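Trainee: Give the three-dimensional model of this entry:
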Amino acid sequence: MAGGRGSGAINQMVGGPSPTEFACVYDSSSYFIRDVDSEVEVLIFGDVEGDSVSMNPRNLRIWQEAAPKVATGKLKAILIECSYDDSRPVDRLFGHLTPSFLVQEMTVLAEEVKAVRVRMTMDKERKETDARRDSRRGSKRKREGLHDEATIAFRRRASRALARHSSDSVNEPVSPKTMKMPRSDSGQRSVSVETPQITTPTAELSLTDLQGRTTSIVGGTSAPTTNPTAAETRLLEGPQLEGLKVVIIHVKDKMDDDERVEDTILDELQEHEAFMDVPLGCEWVISEVGQSLEV
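Mentor: Reported below is the predicted structural model:
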């Protein structure tokens, strides 16, 4: 008589399906613990079932919560179990991890961290773009104010020049530099007086010419567009979990004096990461009895 986990066999006898025959989910818990003074955090897990084999994947939500803390450097360590080495069959894990599944979970975390950093970079570029646009608007308003002042001054000079031109026309100018002065009462002719010669009369200057000159003085070049810096590019393309410690806090002993299972698990973790195109960058730590950890 075949049956499922738990009371599945009994339920089969009476004809009622058991929920555990369709989905067996191992519940656990995790906690973020924060130091108030330094704001440094650690993440501690109980037993963990890998999302890739779980009937109800839930670890992703934890990684999405942890990713911003890793990206900003606040989360310094993850304390998590890795009960067995990779020789353990999947159907005999019972809600525990092996090195291969732990590396899968850390890969998901690394992808979430990268997504957070991409958003942070885009937000930074958007803020810089907004600042440049506001700066250009301020410069434009300043230039428009200078244009208005220059226009008023130009019109005043033009009016004065036009008035002088009208009053001087009665004196019948002989040349651009001399003009015939009226005879004095004594009958003596006055000497000729030189007048300033201008290349272009002020009255003939157009507003476009003035604006062009003013713009050439107060105008400036636009700021270059901002691209991610080399450091930001390396951060986005490189290992995403650098500076993070992953501490293995629970290992089930094989009761074999010839082989220390902790060493096997550490070797397998490092081997899995060595075959990745982009390594995770985290530090793997096997906890020991009485060990203290500085983060």
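Trainee: what's the burial count for Lys69?
Mentor: For Lys69, the count of nearby residues is 20 (other Cβ atoms under 10 Å). In this view, the C-beta of every residue, glycine as well, is placed from N, C-alpha and C.
Trainee: wait, I meant Glu288
Mentor: For Glu288, using other Cβ under 10 Å, the count is 8.
Trainee: where's it relative to Pro239, distance?
Mentor: With the distance defined as Cβ to Cβ, to the nearest Å, Glu288 ends up 26 Å from Pro239.
Trainee: Arg126 too?
Mentor: Distance from Arg126 to Pro239, by Cβ to Cβ: 26 Å.
Trainee: So these two - more neighbours on which side?
Mentor: Pro239 (18 against 11).
Trainee: In space, what's closest to the more buried one - neighbours in sequence excluded?
Mentor: Gly281 (2.6 Å; Cβ to Cβ, 6 or more residues apart in numbering).
Trainee: what's the pLDDT at the one you found?
Mentor: pLDDT for Gly281: 96.
Trainee: Buried residues in stretch 95-114, which are they?
Mentor: Buried residues in stretch 95-114, counted by 16 or more other Cβ atoms under 10 Å: 95-110, 112-114.
Trainee: Among those, which lie within strands?
Mentor: Among the buried residues of stretch 95-114, DSSP state E puts none in strands.
Trainee: Where do the helices of the stretch 151-295 of the chain begin and end?
Mentor: 207-218, 230-237, 261-274 (DSSP state H, counting those that start in this stretch).
Trainee: Give me the buried positions along stretch 263-282.
Mentor: Quick answer for stretch 263-282 (16+ other Cβ under 10 Å): 264-266, 268-269, 272-273, 279-282.
Trainee: do the same with stretch 43-50
Mentor: Buried residues in stretch 43-50, counting neighbours by 16+ other Cβ under 10 Å, are found at 43, 45, 47-50.
Trainee: Identify those among the residues you listed that sit within strands.
Mentor: Cross-referencing the buried residues of stretch 43-50 against strands under DSSP E gives 43, 45.
Trainee: Looking at the buried residues of stretch 43-50, which is nearest Glu232?
Mentor: Distances from Glu232 to the buried residues of stretch 43-50, taken as Cβ to Cβ, are shortest for Leu43 (25.6 Å).
Trainee: Nearest residue to that closest one in space, please, no chain neighbours.
Mentor: Ile78 (4.7 Å).
Trainee: In contact with that neighbour, which residues are there?
Mentor: 42-43, 45, 66, 244-247 (Cβ atoms under 8 Å, 6 or more residues apart in numbering).
Trainee: Okay, and the beta partners of it?
Mentor: Using DSSP bridges, the beta-bridge partners of Ile78 come out as Leu43, Val246.
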